[in-house]
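Q: coords below, sequence missing:
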């Protein structure tokens, strides 16, 4: 898809531990222990601009991720944040209204 990837960065794993009584009467002091691990990954996608073919390829990749990959893996979810490093031209911006 001609997308520049920065690679996968592993983020800290969230661990949720909890204990459950094995039995309410006979083995009331005995407990079962469970742990749920949530693994997080950061995928950096780079582009040349926020408009044009580069941005279109990124949008197509995100749609592919949402409609194909996440559907096949029901326990997975994705959160997308878009950042831009382009600088605005201050001279081209319209002047603010003065009161």
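A: On my side now, so go ahead. Not measured: the values here are computed from a predicted model.
Q: In contact with the residue most central in space within the chain, which residues?
A: Residue closest to the average C-alpha location in the chain (Cα atoms, centre = their mean): residue 79, at 3.4 Å. Contacts for residue 79 (Cβ atoms under 8 Å, 6 or more residues apart in numbering) come out as none. Where C-beta positions appear, they are placed from N, C-alpha and C, glycine not excepted.
Q: Test for you: state the pLDDT assigned to it.
A: Looking at residue 79, its pLDDT stands at 82.
Q: Report the separation between residue 21 and residue 34.
A: Counting by Cβ to Cβ, to the nearest Å, the gap from residue 21 to residue 34 is 12 Å.
Q: Residue 64 is in what secondary structure piece?
A: Taking DSSP states H and E as the definition, one finds residue 64 inside helix 53-64.
Q: which element follows that helix toward the C-terminus?
A: Counting by DSSP H and E, what follows helix 53-64 is helix 70-72.
Q: count of neighbours near the spatially closest residue to residue 50 that is not a sequence neighbour?
A: Once flanking residues are discounted, residue 50 sits nearest to residue 84: 5.2 Å by Cβ to Cβ, 6 or more residues apart in numbering. Using other Cβ atoms under 10 Å, residue 84 is surrounded by 10 other residues.
Q: So residue 84 is in contact with residue 47, correct?
A: No - Residue 84 is beyond contact range of residue 47, at 9.1 Å (criterion: Cβ atoms under 8 Å).
Q: what residue ranges in this structure score low on pLDDT?
A: Along the chain, segments meeting pLDDT under 70 span 86-99.
Q: For residue 6, see how far away residue 61 is.
A: Shown here: residue 61 relative to residue 6, a distance of 14 Å by Cβ to Cβ.
Q: so which helix or strand takes in the residue nearest to the centre of the chain?
A: Under the criterion DSSP H and E, no helix or strand holds residue 79.
Q: This completes my enquiry, with thanks.
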